[in-house]
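1. Sequence and computational prediction follow.
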Amino acid sequence: MTTVGANWAGSHEYGARELLRPQNADEVAAIVAAATKVRALGTRHSFNDLADTTGDLLTLVDLEPHPVIDESASTVTVASGTRFAVLGAYLQARGWALHNLGSLPHISIAGAVSTGTHGSGVGNGNLSTAVAGLEIVTGRGDLVRVSRADPRFDGMVVGLGALGVVTRVTLDIQPTYQVRQDVYVDLPWDAVLGSFDEIVSAAYSVSLFSDWSGDTLKQVWLKSRLPDPASGAAPLVLPDDFFGAQPAGDKVLSPAGDDIDNTTVQGGVPGPWSERLPHFRPDATPSNGDEIQTEYFIDRADAVAALTAVRALSERITPHLLVTELRTVAADSLWLSPAYGRDTLGIHFTWLNQPEEVRALLPLVEEALAPFDPRPHWGKWFAMGASDVAPKYERFGEFRALAEEFDPQGRFRNAYLERVLGL
C-alpha cells in the first residue's frame with residue numbers, strides 16, 4: 001500500500017486509503033469500475049479536500065504525455081496529468097503556443113482546467129477555455145470522448161472531478177509568440193482605485209501585489225505580448241512612470257519575499273510565452289511553499305468597491321498574510337467557471353501557515369465581499385457552504401444532472417462535493 005501523504009504545501013493531509021498509479025486509460029477504467037469510492041489526483045496543488053476521498057486516490061502524473069498536434073485543427077491532445085511546463089516546452093519547440101498560462105507551470109492540465117481558476121488577462125479566458133475535447137472515464141468505468149459539438153460540453157470542462165477521471169485533454173493552440181515581463185514597485189492605491197481598468201488593461205496580463213498595508217501596492221507585473229518582428233510593428237516601449245509606480249529594473253523579485261529566487265525572467269527581456277507568462281520557474285518551488293491560499297472572484301465592474309471593502313480589513317488581514325495578488329480574467333460560458341458570464345477580478349490571498357487565524361478571517365473577508373457575489377476558488381480555502389455557493393451558478397441544476405448521469409453510483413462523490421455543492 002502506498003502512503004498518500006499531503007498536498008504540495010503540507011496544508012492538507014489526504015485521508016484516502018491508498019494511492020494507485022495507473023499507467024494508461026485502460027488501467028484507470030479498471031480501477032474506477034472496481035471502486036466504491038475513488039478520486040483523481042494530479043500534482044497536489046489544491047489546498048483543500050477537493051481531490052480527497054474515503055476510498056482510493058489514483059494519480060494521473062504517471063500517464064505518458066504522448067502529445068499529438070493536429071496542425072489543421074490547431075489543437076494538441078495530451079495526457080491529463082501532464083504538467084503545463086512539460087507541454088509548454090513541447091509546443092514551443094515546435095512553433096506552437098497556448099493562449100494563456102497560470103502563475104505555476106508545475107500544475108497538471110486536468111487539475112487546472114477542472115477547476116477553471118488559472119490564467120489571467122482582461123482579454124484572456126482562463127486555461128479551461130482552451131479545452132476543445134476531453135477523454136473521460138465515467139463512474140461506470142466507461143471511456144467517453146466529448147468535444148465542443150456535444151451540448152453538455154460547457155458543463156463538463158470544469159467538472160471538479162464529479163463526472164469522472166479525465167485521461168486526455170485536447171487544447172486549442174496558436175503560433176508561438178514572445179512576451180516580456182516588467183516589474184514596477186510602489187503603485188499608489190489612489191491610482192488603482194482611480195484608474196483600475198486602465199491599469200489592468202496595460203498589458204496582455206497584469207498582476208498587482210499587495211499586503212493591504214500603507215498607501216501603495218508592493219509590485220505590478222506587466223506581461224506584454226510582443227508583435228511578430230516580421231510585422232514591422234514598432235518596438236514596445238514601457239513608461240518610466242506607471243501610474244506613479246517606478247520600474248524595479250532587472251532585479252528578480254518574488255511576491256512571496258525578496259530573498260526568494262524562484263521567478264521567471266523580468267527586466268523586459270523578451271522570451272517565449274512559456275517562460276514569461278508563468279510567475280514561477282518550473283525548476284523552483286513556487287510562491288513561498290509554507291502557506292495557505294484563498295481566492296475570490298467577483299465581477300470586474302465591482303472591482304473598486306470590492307477592493308475598498310477589503311482594504312477596510314487591512315489591520316486584521318496584513319499580520320497573517322504573505323501577499324495578495326489581484327488579476328483579471330475574461331468572461332466565459334463554462335457552467336462552473338468562476339468567470340462564467342462576467343469579466344472577472346480575482347482577489348487572491350497567500351496566507352501564512354496559520355490555520356486557526358485564517359479560518360477566523362475567512363468569514364470576515366467573505367462578509368466584506370458579499371455585496372459583490374464572490375465565487376470562491378474551488379481548490380483553495382473558503383468558508384462558504386453549499387447554500388452559499390450553488391446559487392452563484394445559474395446552471396448548477398444542469399451540472400447536478402450531469403453528475404447523476406456520469407456517476408450514478410456516486411463513486412466520485414466526497415465530503416467536499418457534499419459540503420460545497422450539496423452533491
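-> Right, received. Where do you want to start?
2. Only C-alpha atoms from now on, for both contacts and neighbour counts.
-> Noted.
3. A202 and L222 touch, don't they?
-> Yes: with contacts counted by Cα atoms under 8 Å, A202 reaches L222, the gap being 7.4 Å.
4. Settle it for me: which of those two has more neighbours?
-> Using other Cα atoms under 10 Å as the criterion, A202 and L222 rank with L222 on top: 26 against 16.
5. quick one: that one is in a helix?
-> No: with DSSP: H, G, I helix; E, B strand; the rest coil as the criterion, L222 is strand rather than part of a helix.
6. Show the contacting residues for it.
-> Neighbouring residues of L222 by Cα atoms under 8 Å, 6 or more residues apart in numbering: Q181, D182, V183, A202, A203, Y204, S205, V206, S207.
7. For the residue lying closest to the fifth one once chain neighbours are set aside, list each beta-bridge partner.
-> It stands for A203. Among residues not flanking A203 along the chain, S224 sits closest, at 4.9 Å (Cα to Cα, 6 or more residues apart in numbering). Beta bridges link S224 to R180 when assigned by DSSP bridges.
8. OK, contacts around S224?
-> V179, R180, Q181, A203, Y204, S205.
9. Distance check, the second one against P270.
-> Between R180 and P270 the computed distance is 4 Å (Cα to Cα, to the nearest Å).
10. Mind giving me the packing neighbours of the longest helix along the chain?
-> Using DSSP state H, we find that the single longest helix of the chain is helix 355-369. Judged by 3 or more Cα pairs under 8 Å, 6 or more residues apart in numbering; DSSP states H and E, helix 355-369 is in contact with helix 303-311.
11. buried set for the next helix or strand after the helix it packs on?
-> Using DSSP states H and E, the next helix or strand after helix 303-311 towards the C-terminus is helix 314-317. By 16 or more other Cα atoms under 10 Å, the buried positions in helix 314-317 come out as I317.
12. any idea how far helix 314-317 is from the chain center?
-> Relative to the chain's own centre, helix 314-317 is displaced by 25 Å; criterion: Cα atoms, centre = their mean, to the nearest Å.
13. Could you list the residues in contact with it?
-> In contact with helix 314-317 (Cα under 8 Å, 6+ apart) are residues W212, S213, L361.
14. roughly how far is the longest helix of the chain from the heart of the chain?
-> For helix 355-369, the distance to the chain centre is 21 Å (Cα atoms, centre = their mean).
15. Dump the C-alpha coordinates for that helix into PDB.
-> In PDB, the C-alpha atoms belonging to helix 355-369 read as follows (Å, rounded to 0.1, in the frame of the first residue of the first chain):
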ATOM      1  CA  PRO A 355      -4.700  27.600  10.100                       C
ATOM      2  CA  GLU A 356      -6.700  28.800  13.100                       C
ATOM      3  CA  GLU A 357      -6.100  32.500  12.300                       C
ATOM      4  CA  VAL A 358      -7.000  32.000   8.600                       C
ATOM      5  CA  ARG A 359     -10.200  30.100   9.400                       C
ATOM      6  CA  ALA A 360     -11.300  33.000  11.600                       C
ATOM      7  CA  LEU A 361     -10.500  35.600   8.900                       C
ATOM      8  CA  LEU A 362     -12.300  33.900   6.000                       C
ATOM      9  CA  PRO A 363     -15.900  34.700   7.200                       C
ATOM     10  CA  LEU A 364     -14.900  38.400   7.700                       C
ATOM     11  CA  VAL A 365     -13.400  38.600   4.100                       C
ATOM     12  CA  GLU A 366     -16.500  36.900   2.700                       C
ATOM     13  CA  GLU A 367     -18.800  39.200   4.600                       C
ATOM     14  CA  ALA A 368     -17.000  42.200   3.100                       C
ATOM     15  CA  LEU A 369     -17.200  40.800  -0.400                       C
END
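16. between that helix and helix 303-311, how many degrees?
-> For helix 355-369 against helix 303-311, the angle by axes from the mean of the first three to the mean of the last three Cα atoms, to 10 degrees is 140 degrees.
17. So, low pLDDT: which residues of the stretch 201-350 of the chain?
-> Within the stretch 201-350 of the chain, the ranges that satisfy pLDDT under 70 run 256-259, 286-289.
18. So which residues of it form strands?
-> Assigned by DSSP state E, counting those that start in this stretch, the strands in the stretch 201-350 of the chain fall at 205-210, 216-226, 246-247, 271-272, 291-299, 321-329, 344-352.
19. Adding distance to P151, write the ones you listed out as CSV.
-> Converted to CSV, the strands of the stretch 201-350 of the chain look like this (distance: least, Cα to Cα, whole Å):
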stretch, distance to P151
strand 205-210, 31
strand 216-226, 34
strand 246-247, 48
strand 271-272, 36
strand 291-299, 26
strand 321-329, 24
strand 344-352, 25
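20. To G379, which of those lies closest?
-> strand 291-299 (8.5 Å; Cα to Cα).
21. who's in contact with the closest one?
-> Residues contacting strand 291-299 (Cα under 8 Å, 6+ apart): 9, 11, 47, 338-339, 342-355, 372-377, 380-382.
22. what about 7 Å?
-> Applying Cα atoms under 7 Å, 6 or more residues apart in numbering, the contact partners of strand 291-299 are 9, 11, 47, 338, 342-353, 372-377, 380-382.
23. Could you do stretch 14-23 as well?
-> Here stretch 14-23 has contacts from 1-6, 28, 52-59, 62-63, using Cα under 7 Å, 6+ apart.
24. My read is that S46 contacts K380, right?
-> Yes: counting by Cα atoms under 7 Å, S46 touches K380, with 6.1 Å between them.
25. Can you pick out the residue with more neighbours from the two?
-> S46 (27 against 19).
26. Could you report the separation of that one from E13?
-> 11 Å.
27. Contacts only, for the residue nearest to E13 when sequence neighbours are not counted.
-> Spatial nearest neighbour of E13, chain neighbours left out: A6 (4.2 Å); criterion: Cα to Cα, 6+ apart. Applying Cα under 7 Å, 6+ apart, we find A6 in contact with H12, E13, Y14.
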